[in-house]
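Asker: one predicted model, sequence on top.
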Amino acid sequence: MEPLVVLALTLSCLLLLSLWKQSCEKRKLPPGPTPFPIIGNILQVDVKDIYQSFTKLSKAYGPVFTLYLGGQPTVVLHGYETVKEALIDHGEEFAGRGRLPVFEKVSKGVIKGIIFSNGNVWRNRRHLSLMTMKNLGMGKRSIEDHVQEEALCLVEELRTTNHFTTVSNSSGSPCDPIFILACDPCNVICSTILLNHFDYKDEDFLT
């Protein structure tokens, strides 16, 4: 059999398989524009103005519609009221997270934590983490006191610091505050968890 015939048959089979898969998925998903095989709806979305593209699609298919990014179906929620209804009114149902197959394969399911877990594992660990942070003062007056105290230290450090990278040696010259601004939230965390405020030049703190 000619190689071109084999290639044409293979491509035809892949095309039919893609169409069949999309047809089966579309029965369970919200309406949306008809996707092209393999590439999906990529050509129907203006990547330079995604918002405008979604607005036009929402007028045709409603505030909840389906787009295919390649062969992957994606449900789009458009508009404030729709997003609010999903994430606030039905927050528990939408609290899940997508799987990351690459990380699951590399870690063989060992790496979990908050960042890479999903499903019930993620919900339980998120709940535990929030509870722990609230016990440490998140959202309470106590942590606000730490922030205000650190803000005063930050202002004083900005007045006297030698850490700045001075652009000019003249008085009142501009300087780079990135290092100090990075130390500031770290010190708030240390004050909250370790009950210890570090000097910005402290070797242990810098390490």
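Answerer: Received, thanks. Numbers count the residues shown, from 1 in each chain.
Asker: going forward, measure contacts between C-alpha atoms and count neighbours the same way
Answerer: Fine.
Asker: which stretches in the chain count as helices?
Answerer: 3-26, 50-61, 80-84, 101-107, 119-135, 141-160, 178-193, 203-206 (DSSP state H).
Asker: would a markdown table of those helices with mean pLDDT be doable?
Answerer: Shown next, in a markdown table, are the helices of the chain (pLDDT from 0 to 100):
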| stretch | mean pLDDT |
| --- | --- |
| helix 3-26 | 68 |
| helix 50-61 | 90 |
| helix 80-84 | 92 |
| helix 101-107 | 68 |
| helix 119-135 | 80 |
| helix 141-160 | 82 |
| helix 178-193 | 85 |
| helix 203-206 | 86 |
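Asker: so which of those comes closest to residue 40?
Answerer: Comparing the helices of the chain against residue 40 with Cα to Cα, the closest turns out to be helix 3-26 (9.4 Å).
Asker: tally of neighbours for residue 83?
Answerer: Residue 83 has 16 neighbouring residues, counting by other Cα atoms under 10 Å.
Asker: what of the one 4 residues further on?
Answerer: Neighbour count for residue 87, taken as other Cα under 10 Å: 13.
Asker: could you check how far the closest residue to it other than its chain neighbours is from residue 84?
Answerer: Sequence neighbours aside, residue 94 is the residue nearest to residue 87 in space, at 6.2 Å (criterion: Cα to Cα, 6 or more residues apart in numbering). Residue 94 sits 11 Å away from residue 84, going by Cα to Cα, to the nearest Å.
Asker: and if you look at residue 131?
Answerer: Taking Cα to Cα, one finds residue 131 at 24 Å from residue 84.
Asker: same thing with residue 124?
Answerer: 24 Å.
Asker: buried sites along stretch 66-78?
Answerer: 66-69, 71, 73, 76-78 (16 or more other Cα atoms under 10 Å).
Asker: what's the most distant pair in those residues?
Answerer: 71 and 78 (21.3 Å).
Asker: circling back to that earlier point, dump the buried residues of stretch 66-78 to TSV, plus distance to residue 59 and pLDDT.
Answerer: Shown next, in TSV, are the buried residues of stretch 66-78 (distance: Cα to Cα, whole Å; pLDDT from 0 to 100):
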residue	distance to residue 59	pLDDT
66	13	90
67	14	90
68	18	86
69	20	83
71	24	76
73	19	85
76	13	92
77	12	93
78	10	92
